[in-house]
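Novice: coords below, sequence missing:
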């Protein structure tokens with residue numbers, strides 16, 4: 001049997017997907033409740049920082065996680081990300097002031113700065129290149145399931161037992177993720193012992209130039225996600241949603257339905273063609289969300305947004321790996337994630353700052369981001385044209 005016909009669903013891959021599902025549930029669980037929690041602490045004017053601080057440290061840590069992934073190993077870097085989630089979940093109830101909360105959002109960002117970088121490299125190590133899109137689509141599906149379950153479960157826990165119970169539940173899920181990761185086989189062929197030199201970053205360690213086109217598209221596409229994370233909890237409440245996590249459940253469920261297919265399609269017909277479709281669908285979803293006058297219309301917009309992101313994510317991930325060399329795979333993936341964090345962070349910061357708890361501004365903010373997505377579409381068309389000549 002040829003290599004590309006063998007099943008990709010090995011024990012290693014299944015464990016990786018389970019670990020990511022729990023990790024995603026852990027840090028996504030608390031997101032819908034954070035805006036109201038920060039307001040209860042007296043920090044309503046800092047809502048734009050909830051996501052932007054998180055993504056700031058995630059972006060800063062990417063060059064380190066990329067270098068450590070390529071030299072120290074995939075497994076320990078994944079474990080570090082989950083450990084940060086474990087610790088932060090326990091500290092939120094203790095550091096219950098505005099300054100303490102904002103500090104924790106900074107620290108919490110290191111979790112996504114480490115684990116996803118090493119996870120994508122791990123997938124590329126154990127899956128044949130011609131199946132990368134399919135594998136990353138399936139892994140993304142599991143990550144998305146965690147993103148769907150987490151917010152809904154988190155809101156249920158808050159309503160039944162309070163905020164502290166939700167934070168502790170987040171830590172427990174991170175703990176389960178750590179147990180799985182520590183029982184996984186290392187895939188880095190030449191693994192070095194952890195050394196202080198690995199924490200010294202030069203300019204060449206920060207960005208993989210070859211993967212930069214994928215990073216640019218990632219930046220444009222994820223500005224919308226920054227807005228979603230920051231504004232949708234308030235927008236959902238304004239439209240009459242009882243559970244503020246229902247939007248995230250709807251978009252993630254739709255994302256799950258298309259991710260696996262989108263990954264396979266990108267393997268067959270090319271990454272950039274699939275990415276173009278994803279960008280157009282995402283832009284259309286923002287228009288529907290901005291025009292929502294009821295929870296039902298909002299959930300339709302959420303589902304379309306999930307289809308857009310579910311199409312984009314596996315294709316961009318696979319495209320990034322396509323553009324990288326094996327010895328710099330971690331750096332290339334880190335480049336893509338740095339761009340993602342910049343997009344999310346700037347979208348959250350600028351959108352949240354302009355919003356300033358004035359609910360009538362949300363539709364305009366969403367429409368402005370449609371223009372940003374259109375710029376991404378034009379860039380991708382330009383890049384494809386250059387490659388044809």
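Specialist: Everything's here; your move. Note that the structure is a prediction, hence the values are computed from the model and not measured.

Novice: quick one: residue 334 from residue 214, how far?
Specialist: Residue 334 sits 12 Å away from residue 214, going by Cβ to Cβ, to the nearest Å. No exception for glycine: its C-beta is placed from N, CA and C like everyone else's.

Novice: Contacts for the helix or strand bottoming out on mean pLDDT in the chain, please.
Specialist: Ranked by mean pLDDT, DSSP states H and E, the helix or strand of the chain with the weakest confidence is helix 203-206, at a mean of 74. Residues outside helix 203-206 that contact it (Cβ atoms under 8 Å, 6 or more residues apart in numbering): 63, 66-67, 331, 335, 338.

Novice: Now, those that are in strands?
Specialist: Nothing among the contacts of helix 203-206 maps onto strands, per DSSP state E.

Novice: Return the subset of those lying in helices.
Specialist: Within the contacts of helix 203-206, residues falling in helices by DSSP state H are 63, 66-67, 331, 335, 338.

Novice: Give the burial count for residue 91, as a bare number.
Specialist: If you count neighbours by other Cβ atoms under 10 Å, residue 91 ends up with 17.

Novice: hey, where'd the helices end up in this protein?
Specialist: 11-28, 34-40, 47-71, 74-91, 98-126, 132-161, 163-181, 203-206, 212-238, 246-269, 271-290, 295-322, 329-355, 362-388.

Novice: between those helices, which one is nearest to residue 188?
Specialist: Residue 188 lies closest to helix 74-91 among those, at 5.7 Å (Cβ to Cβ).

Novice: Scan the ones in helices among the contacts of helix 203-206 and report the most crowded one.
Specialist: Of all the ones in helices among the contacts of helix 203-206, residue 66 has the most neighbours under the rule other Cβ under 10 Å, reaching 32 neighbours.

Novice: roughly how far apart are that residue and residue 79?
Specialist: Using Cβ to Cβ, we find residue 66 at a distance of 16 Å from residue 79.

Novice: related to what we said a few turns ago, neighbour count: residue 334 and residue 214, which is higher?
Specialist: For residue 334 versus residue 214, neighbours defined as other Cβ under 10 Å are more numerous around residue 334 (36 against 30).

Novice: my guess is residue 42 meets residue 98, correct?
Specialist: Yes: between residue 42 and residue 98 there is a contact under Cβ atoms under 8 Å: 5.9 Å.

Novice: More neighbours: which of the two?
Specialist: residue 98 (16 against 10).

Novice: give me every residue that touches that one.
Specialist: For residue 98, the contacting residues are 38, 41-43, 46, by Cβ under 8 Å, 6+ apart.

Novice: please redo it, this time with the cut-off set to 10 Å
Specialist: Contacts for residue 98 (Cβ atoms under 10 Å, 6 or more residues apart in numbering) come out as 38, 41-46, 49.

Novice: Would you reformat those residues as TSV and include pLDDT and distance to residue 119?
Specialist: As requested, the contacts of residue 98 are exported to TSV (pLDDT from 0 to 100; distance: Cβ to Cβ, whole Å):
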residue	pLDDT	distance to residue 119
38	92	29
41	92	33
42	91	37
43	90	32
44	83	35
45	84	35
46	87	31
49	86	27
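
Novice: Which members of the residues you listed define the maximum pairwise distance?
Specialist: Greatest spatial distance among the contacts of residue 98 (Cβ to Cβ): 42 and 49, at 13.9 Å.

Novice: Was I right to think residue 174 contacts residue 83?
Specialist: Yes: Residue 174 lies in contact with residue 83 (Cβ atoms under 10 Å); the separation is 7.5 Å.

Novice: neighbour-wise, which of those two wins?
Specialist: With neighbours defined as other Cβ under 10 Å, residue 174 and residue 83 compare such that residue 174 has more, 27 against 19.
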